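> have a look at this prediction, sequence included:
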Amino acid sequence: MGAACASSAVTRHRLDQRRAVELRRCVAEAYRPEAVYTRFAYNARHTYPNRITPDAAGQLTWSNLRRGLTILVQLVIRVGVFADYRRWFWRVAGRELAAGRFDAAFNIALVAHHLITFARQAVRGRQNASFYSAKTGPGGTAA
């Protein structure tokens, strides 16, 4: 390998490292709990009222009710009690619950929790930052 090729490979590697650092910074910023919950609060006020409501016939079964209550209890415990972003959770969930929009509160809490935890894992290198990136193994190495 000539000096020009080696230099080009080193430059490319440095650029890739800089891009990875910048991507992690962007993911960390975009998925801060306050940023996520602020976006969801906006959507709950401005877009959720315009959503099409599917017919709920047949969806209210004992099995679905039990599963929904189990998820709800887990959300309240994990996010509402123990998460470092519980203040944002209660602010948005409280507003939705007070307005009688239980489905919005439940959906926001569930999706926000997944987005926040996924982003934190991606920033730490424990999760791919994209579903389209190469799979990584332990320690963030390509598998």
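Received the coordinates, thanks. Residues are numbered from 1 along each chain as shown.
> so is the residue nearest the centre of the chain in a helix, a strand, or just coil?
Compute the mean C-alpha point of the chain, and by C-alpha atoms, centre = their mean the closest residue is L115, 0.4 Å away. Three-state call for L115 (DSSP: H, G, I helix; E, B strand; the rest coil): helix.
> for I52, same thing?
Counting by three-state DSSP, the backbone at I52 sits in coil.
> give me the number of residues near it?
As a burial measure, I52 scores 4 neighbours (other C-beta atoms under 10 Å). In this view, the C-beta of every residue, glycine as well, is placed from N, C-alpha and C.
> for R25, same thing?
For R25, the count of nearby residues is 11 (other C-beta under 10 Å).
> any idea how far it is from A119?
As judged by C-beta to C-beta, to the nearest Å, R25 and A119 stand 12 Å apart.
> and the strands in this protein, which stretches?
Counting by DSSP state E, the chain has no strands to list.
> let's see the pLDDT reported for R91.
In this model, R91 is scored at 96, pLDDT.
> same check, this time on the one 10 residues further on
Turning to R101, the model gives it a pLDDT of 92.
> before we move on, back to that, in contact with the residue nearest to the centre of the chain, which residues?
Remark: with contacts taken as C-beta atoms under 8 Å, 6 or more residues apart in numbering, L115 is in contact with 31, 36.
> what's the answer for N64, then?
In this structure, N64 makes contact with no residue, judged by C-beta under 8 Å, 6+ apart.
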